[in-house]
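Chemist: take a look and give me a structure for this.
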Amino acid sequence: MVVLDSWALLAYLKDEPAAGRIEGEWLARAVAISSISLGEALYIRIRERGEDAAVAEIATIRKRSTLVEADWSLVRAAARVKARGGLSYADAFCVATAERLDAPLWTGDPEILGLDTEVELVDLR
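Modeler: As a prediction, the model looks like this:
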């Protein structure tokens, strides 16, 4: 299993260079996404494409992925990550999700990639 952050998800939805690699991972094994990262991608796509198109895209992603909901345990873990500094709260959720699942985090976000963490970070840039 791998965890995608909103950077990776948006790269996939916009058919950017990392999209093929992400698609291959969906075909090869499970992909997990924090509900917070999915919400972040949703509001960005609403701005870009309108609500109906964005909701349809995200519904497809939800069907193909393991959605990790933000329960209190994940909220606390994300707060610990955020307290170390350098990340948005949404980014802290994807790091906490990868920690919870003991899975690599796929991203191209330089703030996440610069993080000192035990989570395996895969640079999609």
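
Chemist: I'd like the next helix or strand past the lowest-mean-pLDDT helix or strand in the chain.
Modeler: Here the helix or strand of the chain ranked lowest by mean pLDDT, DSSP states H and E is helix 19-28, holding a mean of 87. Of the helices and strands lying after helix 19-28 in sequence (DSSP states H and E), the nearest is strand 31-34.

Chemist: and that following strand, which strands flank it?
Modeler: Partner strands and pairing direction for strand 31-34 (DSSP bridges) are strand 2-4 (parallel), strand 66-68 (parallel).

Chemist: who does the helix or strand just after the last one touch, helix- and strand-wise?
Modeler: Downstream of strand 66-68, the first helix or strand assigned by DSSP H and E is helix 72-83. Counting contacts by 3 or more CB pairs under 8 Å, 6 or more residues apart in numbering; DSSP states H and E, helix 72-83 is packed against helix 89-101. Backbone N, C-alpha and C define where each C-beta goes, glycine included.

Chemist: angle of the helix it packs on against helix 72-83?
Modeler: On the basis of axes from the mean of the first three to the mean of the last three CA atoms, to 10 degrees, helix 89-101 is oriented at 120 degrees to helix 72-83.
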